[in-house]
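>>> Sequence first, then the predicted structure:
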Amino acid sequence: EAGVTQSPTHLIKTRGQQATLRCSPISGHTSVYWYQQALGLGLQFLLWYDEGEERNRGNFPPRFSGRQFPNYSSELNVNALELEDSALYLCASSSSGDGVGETQYFGPGTRLLVL
Amino acid sequence: KQEVTQIPAALSVPEGENLVLNCSFTDSAIYNLQWFRQDPGKGLTSLLLIQSSQREQTSGRLNASLDKSSGRSTLYIAASQPGDSATYLCAVHGGGADGLTFGKGTHLIIQP
């Protein structure tokens, strides 16, 4: 069974540009989570999608947005990139529609570098 | 706001030793707690999930315990091997819609 996949593996952008990151959950999983792992800050919750809807977002500005498609894959968009957006972005999926009680399985991440 | 702390931040031990990693959290109203490992530059691998009603979980050489009332969890690694070298992360789920709250991890090095 294929795990969570993310693309691209690496992304280099300049300040002010937009970045689009993609995630495909494990087959049968309906929930997708996005996390940011910036150097020195640890992993922080960004967004949660389930059944095509945004269920919750962490403490991030509105220029971080995303969506979930009918096949449950998800896209994270970061607009007006800033240097501090440089981080490893991790996607996770779970089978629980209420977001609790189930293991979250993580993808390998997309490393975003903003110059 | 939930805060998760992991001690020690780094640990280096010789191969074969048994070791304990510690995790504490400030709000005991959690739904579950997960332990993950992260290899350099890579994503997270789930090791163990403990539901709030459980006291411990075991998988191979790994044993995780949970004391919800005191806000503590430990990950016990038996007979450590060089392949266990990684960063170990503890994360709690508060049962709401906030996703997982992670500690900053323990960087573990097992010396051959």
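Sure thing, it's come through. Residues are numbered from 1 along each chain as shown, chains lettered A, B, ... in the order given.

>>> So, low pLDDT: which residues of chain A?
Along chain A, the parts satisfying pLDDT under 70 run over A:1, A:96-101.

>>> touching chain A at all, stretch B:19-29?
No: judged by CB under 8 Å from any CB of the partner chain, stretch B:19-29 stays clear of chain A, getting no closer than 12.2 Å. For glycine as for every other residue, the C-beta is placed from the backbone atoms N, C-alpha and C.

>>> For that stretch, which outside residues touch it?
Applying CB atoms under 8 Å, 6 or more residues apart in numbering or on different chains, the set of residues contacting stretch B:19-29 from outside is B:1-8, B:11, B:13, B:33, B:35, B:68-77, B:80, B:88, B:90, B:92, B:94-95, B:101, B:103, B:106, B:108.

>>> burial measure for A:Q6, as a count.
The burial count assigned to A:Q6 is 21, neighbours taken as other CB atoms under 10 Å in any protein chain shown.

>>> if we can go back for a sec, just the buried ones out of the contacts of stretch B:19-29, please.
B:2, B:4, B:6, B:11, B:33, B:35, B:68, B:71, B:73-75, B:77, B:80, B:88, B:90, B:92, B:94, B:101, B:103, B:106, B:108 (16 or more other CB atoms under 10 Å in any protein chain shown).

>>> Restricted to helices, list the residues you listed.
Per DSSP state H, helices hold no members of the buried ones among the contacts of stretch B:19-29.

>>> Would you map the strands across the chain?
As the question left the chain open, I've gone with chain A. A:5-7, A:10-13, A:19-24, A:31-38, A:42-50, A:53-57, A:64-68, A:74-78, A:87-94, A:105-106, A:110-114 (DSSP state E).

>>> right idea, wrong chain: chain B
Counting by DSSP E, the strands of chain B are B:4-7, B:10-14, B:19-25, B:32-38, B:44-51, B:56-59, B:62-67, B:72-77, B:86-93, B:100-102, B:106-111.

>>> Of all those, which one is nearest A:R22?
strand B:44-51 (18.1 Å; CB to CB).

>>> That closest one: which residues count as buried?
Judged by neighbour count using 16+ other CB under 10 Å, the buried positions of strand B:44-51 are B:L44, B:S46, B:L47, B:L48, B:L49, B:I50.

>>> likewise stretch B:29-41?
In stretch B:29-41, residues buried by neighbour count (16+ other CB under 10 Å) are B:I30, B:Y31, B:N32, B:L33, B:Q34, B:W35, B:F36, B:R37, B:Q38.

>>> CA atoms only: put it into PDB for me.
The C-alpha trace of stretch B:29-41 is given here as PDB (Å, rounded to 0.1, in the frame of the first residue of the first chain):
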ATOM      1  CA  ALA B  29      -7.100  16.800  28.600                       C
ATOM      2  CA  ILE B  30      -5.600  14.900  25.600                       C
ATOM      3  CA  TYR B  31      -7.200  12.500  23.300                       C
ATOM      4  CA  ASN B  32      -4.100  10.600  22.400                       C
ATOM      5  CA  LEU B  33      -0.300  10.800  22.300                       C
ATOM      6  CA  GLN B  34       2.000   9.700  19.500                       C
ATOM      7  CA  TRP B  35       5.700   9.000  19.300                       C
ATOM      8  CA  PHE B  36       7.400   9.500  16.000                       C
ATOM      9  CA  ARG B  37      11.000   9.200  14.700                       C
ATOM     10  CA  GLN B  38      12.400  11.600  12.100                       C
ATOM     11  CA  ASP B  39      15.500  10.800  10.100                       C
ATOM     12  CA  PRO B  40      17.600  13.800   8.900                       C
ATOM     13  CA  GLY B  41      15.800  15.700   6.200                       C
END
